[in-house]
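In: I'd like to go over a predicted model; first the sequence, then the structure.
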Amino acid sequence: MHIFIVYCHPSEDSFTRHVRDEFIRGLQSAGHTYEISDLYKMNFQTDMSETEYSRESSCNDKLPLSEDVIAEQEKINRCDVIDFIYPVFWTEAPAKLIGWFDRVWTYGFAYGDRKMKKLRKAVFLVIAGHTLDHLKEYGHYDSMKTVMLGDRVLDRAESKEMIILDGTTKSNPELREANWNKHLKAAFEVGRSL
């Protein structure tokens, strides 16, 4: 299978980067191919232009798309599985990934008269400082799933899954260390099992 990885983290010195690398190792061990959009390295433009806003707000797919948006849409239509790897920032993905959805999930591609193929699977590998128990207790886990799986993916993939790699905050080094290898192994296994 061919996997498209949408990776979003501002620092190469992060646990999220290690998760990405282990996921890719898992893909390679299973013989999968992949391509990646590293949104920060690409300096992906996240703010909509006035033309893009007009296109989306009027549901007018005759207005042009930017080349960077077309390139991302082509990556989506080449893949079987899309995988998002990012950290939790205030119960949400980083603004750069939100902006990616705002610009790439366009009318006439992801909704309306869709040109986006239905993917086999959408996987979210989400790195959280808080524990899963904490995220569930305060309703954050359900909110994250509702936004990503229920709204952004919806029926655009045959199956969808969000995997929270929790307890990774630098403010609790013991917990972070206890979870480090376990989470990297999980990322590898997710890649290998696709």
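Out: Now that the structure is in, tell me what you want to look at.

In: which residues in this structure form helices?
Out: 15-29, 50-57, 67-78, 95-104, 132-137, 140-145, 173-193 (DSSP state H).

In: Can you add mean neighbour count, mean pLDDT and distance to Asp113 and give those back as a markdown table?
Out: In short, each C-beta sits where N, CA and C put it, glycine included. Shown next, in a markdown table, are the helices of the chain (neighbours: other C-beta atoms under 10 Å; pLDDT from 0 to 100; distance: least, C-beta to C-beta, whole Å):
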| stretch | mean neighbour count | mean pLDDT | distance to Asp113 |
| --- | --- | --- | --- |
| helix 15-29 | 19 | 98 | 32 |
| helix 50-57 | 14 | 95 | 14 |
| helix 67-78 | 16 | 98 | 14 |
| helix 95-104 | 19 | 98 | 17 |
| helix 132-137 | 14 | 97 | 37 |
| helix 140-145 | 17 | 97 | 28 |
| helix 173-193 | 15 | 97 | 33 |
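
In: Can you add distance to Cys8 and give those helices back as TSV?
Out: Shown next, in TSV, are the helices of the chain (distance: least, C-beta to C-beta, whole Å):
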stretch	distance to Cys8
helix 15-29	8
helix 50-57	20
helix 67-78	13
helix 95-104	4
helix 132-137	19
helix 140-145	14
helix 173-193	15
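
In: quick one, which of those helices is nearest to Phe84?
Out: helix 95-104 (7.0 Å; C-beta to C-beta).

In: Any idea how far that closest one is from the middle of the chain?
Out: Offset of helix 95-104 from its chain centre (C-alpha atoms, centre = their mean, to the nearest Å): 10 Å.

In: swap in stretch 157-166?
Out: The answer for stretch 157-166 is 10 Å, by C-alpha atoms, centre = their mean.

In: cool, and stretch 115-122?
Out: The chain centre lies 14 Å from the centre of stretch 115-122; the measure is C-alpha atoms, centre = their mean.

In: Beta-bridge partners for Tyr7, please?
Out: Beta bridges link Tyr7 to Asp38, Ile85 when assigned by DSSP bridges.

In: change the start of the numbering to 36 and stick with it
Out: OK, 36 is where the count begins now, so the last one is Tyr42.
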